[in-house]
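K.L.:
my questions are about this predicted structure, shown below with the sequence.
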Amino acid sequence: DYSTETDHSYPLPSPLETKDYHRTLKSALDKLISGEEPYTATCTVDYKDGMDPMTYQSYYNGSFVYVQDKDMPNEYFNGYVNKDNKVYQLTRINNKVYYKADHLKDNAGNDAAWTEFTPSYAIAPEWFSYSAETKAYTLTSSSYSAGAFGYKMLSLGLVDPQIAASSSVTITLSEDNSHVEKMVFGDDVIITATFTYGAIEKPFGIDISALQPATVFTIFNGSYTAKIDDTTSWTIVVSEADQTVKVNDILCTDVKANQYGEIEFTYNGANYSINARKNRLYDNTNGRSY
């Protein structure tokens, strides 16, 4: 209502009081976000409905973040590294970890921002209450989701969406109040995260500083068979060693990685690509797939 007859002198909301324990909590959370001290968060997910608990591990050091299923680390992990202010996703090929040479894009086609993958919190510490008896900080509010708070703080959004349903979180700091020691999210699913600082085993047992880029040839290296029709099959060979793609022993041209994470090439005047799951060949010129 923009009329001059209406009184537009609306009262401002009152700010929440900042108490000493809020400053203590904020200091510990800010250390968690900065990654100035690398840490591992071990997260146990208890579904409370008969499903077996699951245990994840997340790691953050300011320029590298990952989450993996501790029971199946080789199959279920997700990691990202910040190199030259660009975000690259990790990939495991033949039990060796690389970062993808084609750096990530957002939905608009721009370089993905590092902040999309790193810990943060959008809830002011003033929303937390504090118990001097238990030395625990608690947030229980219908106005803000504690699950969304933990989603970014623990990078669990990379793996497990269950935490998003939580509406309460309890945080315990170290004895000297300098670091976050534990977070417990609880509703229908209980997620407990404990934090370890200092001398930490390197994720995947790799040297992060020595990570090498995976070219499109590294990712798709191998031999593929495409059934074109009932009587015709193509043999497609991607060679990492030779940096080539051949179809039926004929060298292809214009080989590159496209925006969909596919290997793209030209054969016999037409443009083709193998999808990221490596189970389909697309004829991008004529709109067919095999």
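P.N.:
All right, it came through fine.
K.L.:
from the contact counts, what lies against the host helix or strand of residue 97?
P.N.:
Per DSSP states H and E, residue 97 falls inside strand 96-100. On a contact count with 3 or more CB pairs under 8 Å, 6 or more residues apart in numbering; DSSP states H and E, strand 96-100 meets strand 77-83, strand 86-93, strand 213-214. All C-beta atoms are positioned from the backbone trio N, CA, C, and that covers glycine.
K.L.:
which residues sit against whichever helix or strand comes after that strand?
P.N.:
Using DSSP H and E, the next helix or strand after strand 96-100 towards the C-terminus is strand 129-131. Under the contact criterion CB atoms under 8 Å, 6 or more residues apart in numbering, strand 129-131 has outside partners 19, 21-22, 25, 136-139.
K.L.:
repeat that for stretch 18-34.
P.N.:
Applying CB under 8 Å, 6+ apart, the set of residues contacting stretch 18-34 is 37, 39, 60, 62, 118-121, 125-126, 128, 130, 137, 153, 171, 173-174, 177-180, 195.
K.L.:
in that stretch, what counts as buried?
P.N.:
For stretch 18-34, burial by neighbour count (16 or more other CB atoms under 10 Å) applies to 21-22, 24-26, 28-29, 31-32.
K.L.:
on that earlier part again, partner strands of the strand holding residue 97, parallel or antiparallel?
P.N.:
Partner strands for strand 96-100, per DSSP bridges, with pairing direction: strand 86-93 (antiparallel), strand 213-214 (parallel).
K.L.:
could you dump those into CSV and include mean pLDDT and mean neighbour count?
P.N.:
Putting the strands paired with strand 96-100 into CSV (pLDDT from 0 to 100; neighbours: other CB atoms under 10 Å) gives the following:
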stretch, mean pLDDT, mean neighbour count
strand 86-93, 88, 18
strand 213-214, 91, 19
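K.L.:
of all the ones you listed, which lies closest to residue 289?
P.N.:
Closest approach to residue 289 among the strands paired with strand 96-100 is made by strand 86-93 (23.9 Å; CB to CB).
K.L.:
quick check: angle from the closest one to strand 77-83?
P.N.:
Computed with axes from the mean of the first three to the mean of the last three CA atoms, to 10 degrees, the direction of strand 86-93 lies at 140 degrees from that of strand 77-83.
K.L.:
hey, C-alpha coordinates of strand 86-93 in PDB?
P.N.:
Extracted in PDB, the C-alpha atoms of strand 86-93 (Å, rounded to 0.1, in the frame of the first residue of the first chain):
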ATOM      1  CA  LYS A  86      37.900 -22.700  -9.600                       C
ATOM      2  CA  VAL A  87      36.000 -25.700  -8.200                       C
ATOM      3  CA  TYR A  88      36.900 -29.200  -9.400                       C
ATOM      4  CA  GLN A  89      35.200 -32.500  -8.500                       C
ATOM      5  CA  LEU A  90      37.200 -35.500  -7.500                       C
ATOM      6  CA  THR A  91      36.900 -38.700  -9.400                       C
ATOM      7  CA  ARG A  92      38.300 -42.200  -8.800                       C
ATOM      8  CA  ILE A  93      39.700 -44.100 -11.700                       C
END
